[in-house]
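> A predicted structure for the sequence below; I have some questions about it.
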Amino acid sequence: MPPTPPSLDQLQQVHELNRLFLTYLQTRVRADAECLGLPELARPILRRASGDWLAAVAEFPRALFDLKLDERAMQLRDPLRSRDDAARHALYLTILLCAWTLSRQSVYQARLLLALEPRTIQRLRAMQLCDLQLVAHGREVVHCAFAGRDWLWSELLTDPRPEMRQQLALIALQPGLPRDWPARRASRI
């Protein structure tokens, strides 16, 4: 069997990261805990979602999370002083490791699949592997993607139609989505 092209491997890795992220969010929603910026409208939908449905949603062609490595996140923390929960730390470390690897393999793929900003890619590429463990203790390293786009999360979590999934994927893959697209979708006629 011929080897899988790297881009397909990378896309499958993003799907796995999305599945981990959604599972973590669902656990947080069910515990009425902080949900990394998940819109309120999406919380009851995510609370009721089955594992199979989460796996289908995770097949989105872009990360459902944003990785932020701003100055606060880059301040390395002493893990012994951190009060992070183990699940969040494991999620952050996994995302950081995958982003670190992908940014070293292909800047284009890191921008397309993870929506990483150039500055974040530069920071990741400059980090040592041992730094990832410390950065993963930060509280604001990972957030839900599409902040303020309640309609996008709602449709992503509820609409199974293939044409809608494709439309959402095309919208999400637009490079200027965070700053150019309106927070509310125009009403349907």
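Here it is on my side, so go on. Residues are numbered from 1 along each chain as shown.
> Of all the helix elements in the protein, which one is longest?
Criterion DSSP state H: the longest helix present in the chain is helix 6-30.
> Pull up the gap between residue 112 and residue 61, please.
For residue 112, the distance to residue 61 (CB to CB, to the nearest Å) stands at 9 Å. The C-beta positions use only the backbone N, C-alpha and C, and glycine is treated the same way.
> Same drill for those two, tell me which one is more crowded.
For residue 112 versus residue 61, neighbours defined as other CB atoms under 10 Å are more numerous around residue 112 (20 against 17).
> show me the contacts for the most centrally placed residue in the chain.
In the chain, the centroid-proximal residue (CA atoms, centre = their mean) is residue 65; its distance is 1.8 Å. Neighbouring residues of residue 65 by CB atoms under 8 Å, 6 or more residues apart in numbering: 17-18, 21, 36, 95, 142-145.
> Any chance of the backbone angles for it?
Phi and psi for residue 65, reported as degrees, to the nearest 10, are phi -130, psi 160.
> Model confidence for it, exactly?
With respect to pLDDT, residue 65 scores 96.
> what does the one 3 residues further on give?
Each residue has a pLDDT score; the one for residue 68 is 89.
> outside of stretch 85-105, which residues touch it?
Identification of contacts with stretch 85-105 by CB under 8 Å, 6+ apart yields 6, 10, 13, 17, 20-21, 24, 27, 65, 67, 82, 109-110, 113-114, 116, 120-121, 124-125, 127, 129, 132-133, 135-138, 141-142.
> My error: substitute stretch 38-51 in the last question.
With contacts defined as CB under 8 Å, 6+ apart, stretch 38-51 is touched by 22, 25-26, 28-30, 35, 57, 144, 148-150, 153-154, 157-158.
> May I see the buried residues of that stretch?
For stretch 38-51, a neighbour-count test (16 or more other CB atoms under 10 Å) marks 38-39, 42-43, 45-46, 49 as buried.
> ok so, going back, buried stuff in the longest helix of the chain?
In helix 6-30, counting by 16+ other CB under 10 Å, buried: 10-11, 13-15, 17-26, 28-29.
> That one packs against which elements?
Packing partners of helix 6-30 (3 or more CB pairs under 8 Å, 6 or more residues apart in numbering; DSSP states H and E): helix 43-48, helix 51-57, strand 65-67, helix 86-105, helix 107-114.
> pLDDT weak spots in the protein?
Scanning the chain for pLDDT under 70 picks out the ranges 1-7, 72-84, 175-189.
> rerun that using 90 as the cut-off
For the chain, residues meeting the criterion pLDDT under 90 lie at 1-11, 68-87, 89, 112, 130-131, 133-135, 137-140, 146-152, 165, 168-189.
> how close does residue 151 get to residue 173?
According to CB to CB, residue 151 stands 17 Å off from residue 173.
> Looking at the two, which has the bigger crowd around it?
More crowded of residue 151 and residue 173, by other CB under 10 Å: residue 151, with 18 against 14.
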